[in-house]
Every structure is written in C-alpha cells, then in structure tokens.
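>>> the sequence and its predicted three-dimensional model are supplied below.
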Amino acid sequence: MRNIFNLAHTDIHATTHAVLGSNMRDEAGAGQEVIYLAAGCFWGVEKALWNMPGVVTTATGYMGGHTPDPTYRQVCAHSTGHAEAVRVVFDTALTSAANLIRLFFEIHDPTQVGGQGNDIGDQYRSQIWTTTPAQLREATALRDAYQEVLSERGFGPIQTVISSAPEADSPAHFWYAEDYHQQYLFKNPGGYECHARTGVACPALPQE
C-alpha cells in the first residue's frame, strides 16, 4: 500500500457510496444483513465485494483493536491492534453470507502468516466478524471445507480468525476509515491492489 500518511484524518464523513450510490452508514434494512471481512489491504477487498451481485453497500474501516476511532497512521504503526476491514451490507434475497465468505477466501491467501503478499503486518490479517449465528456457522464450515481442499494442494493451516462482531460500544467494533480510503480503486483506477491468492476455489456448502 502506498504511503498516504500526509492526507488528513478530518474528511471522514462521506455517506454516499461512489460506485453503488447507497448510503455507506445505513443500518441493514429489512431482508438485509451485515458482515465484516478483513483480507489484507482493504482497497482491493472492497472492490471485489462491491462488484458482488446482491451487495447493497460497502465501506472500508478498522476493526478488532483496542483504541477508539483509530487513524490510518496509527493502525499502520501497529499501535491500535486493528485490522483493515470492509463492512458489507447485502440483500439476502439476492446473495448469501456463504457466497460472500467463499469470495473472501478466494481473493486472498488465508494461509499466509503476518500479512498478505508484500503487505506485512497484523493490520493485514485474515479475519471474519459475523452478525448472526447462521453466519458464524457458515463461516466456520466453509473454513473447514476450504482447509481440506488447501491441504490436498500442499497449503498450510488457514490463519483466518472467525468470531461474532464486537458490541457497537467496544473499541474493537468497526470504525470507518478516512474518506480517501472509501472506494479507493474506483477513485484511483489502476491504484495498488494486493493480488495474493491461493488460486484454489473454495467449495460450496452442501445446502447452497
């Protein structure tokens, strides 16, 4: 990820998604759910997710740390414990958490320790935060199924941590990233995008 520390932390109030036209800060509506995904540099992760049919909105942010309202600089300095994450709101009539989780596993290398590709650091870790019991079950089942396939191909253990999303008043909950990080690759075509992958498809669950 390129150095953009000189950009200020003041412009963080954008609400309209630059690609989807939806409100990035809306709560999930009727027939919608939220899931939070961390898979390395959030620029490319968000792009992959906003292109997924059934996704209502996405936003980049920081999650899983111990400092309230962290800045990009603080997160990259490893002083807050947060991961770069993407908040995804999706329409359950058009897609499912399982579909999003399968995509998540395929757009990064969940077996890499300590980062993704050349992006090294705990802020680039692989993690899923679920918001329903069904999401938690599906994420765990998909991780286990993918591990079997990856092990057959010679890959090591999946490092992805799966847990329920923290309460909204916890420092570990999702904090929106600065505005210049929102839909970054739409605003900056050809910008940096991590391409760490296993190249192995994640199998669907039997009921999908």
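Everything's here; your move. Numbering: from 1, shown residues only.
>>> helix or strand right after the lengthiest helix in the chain?
Using DSSP state H to define each element, the chain has its longest helix at helix 133-152. Next helix or strand after helix 133-152 toward the C-terminus (DSSP states H and E): strand 161-164.
>>> next, the buried residues of that following strand.
Of all the residues in strand 161-164, those buried under the rule 16 or more other CB atoms under 10 Å are Ile162. Just so you know, the C-beta spots here come from the backbone N, C-alpha and C atoms, and that holds for glycine as well.
>>> just to revisit the earlier point, contacts for the longest helix of the chain?
By CB atoms under 8 Å, 6 or more residues apart in numbering, the residues outside helix 133-152 that reach it are 33, 35, 96-98, 101-102, 105, 110-111, 128, 130, 157-158, 160, 162-164, 198, 200-203, 205.
>>> what subset of the residues you listed is buried?
Neighbour counting with 16+ other CB under 10 Å marks 33, 35, 96-98, 101-102, 105, 110-111, 128, 130, 158, 160, 162, 198, 200, 202 as buried within those.
>>> what average pLDDT does the longest helix of the chain get?
Model confidence over helix 133-152, given as mean pLDDT, is 98.
>>> phi and psi next, for Ala59.
Ala59 has phi and psi values of phi -160, psi 140 when expressed as degrees, to the nearest 10.
>>> let me see the ranges of the strands in this structure.
Ranges of strands in the chain, per DSSP state E, are 32-39, 55-63, 83-91, 115-116, 119-120, 126-130, 161-164, 175-176.
>>> for Met24, find the nearest of those strands.
Ranking the strands of the chain by proximity to Met24 (CB to CB) places strand 55-63 first, at 4.2 Å.
>>> tell me the buried residues in the closest one?
Applying a neighbour-count criterion of 16+ other CB under 10 Å, one finds 55-63 buried in strand 55-63.
>>> mind checking the pLDDT average for that strand?
The average of the pLDDT scores along strand 55-63 is 98.
>>> quick revisit: make CSV from the strands of the chain and add distance to His13 to it.
Rendered in CSV, the data for the strands of the chain read as follows (distance: least, CB to CB, whole Å):
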stretch, distance to His13
strand 32-39, 20
strand 55-63, 12
strand 83-91, 16
strand 115-116, 29
strand 119-120, 27
strand 126-130, 23
strand 161-164, 28
strand 175-176, 9
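>>> most distant residue from the middle of this structure?
Distance to the chain centre peaks in the chain at Glu152, reaching 26.2 Å (criterion: CA atoms, centre = their mean).
>>> for the residue nearest in space to the middle of the chain, give its distance to Gly190.
Closest residue to the average C-alpha location of the chain: Leu37 at 2.7 Å, with CA atoms, centre = their mean. Counting by CB to CB, to the nearest Å, the gap between Leu37 and Gly190 amounts to 24 Å.
>>> what of Ile128?
On the measure of CB to CB, Ile128 and Gly190 end up 29 Å apart.
>>> can you check Thr57 too?
Applying CB to CB, one obtains 24 Å for the distance of Thr57 from Gly190.
>>> please apply the same query to Lys47.
According to CB to CB, Lys47 and Gly190 sit 12 Å apart.
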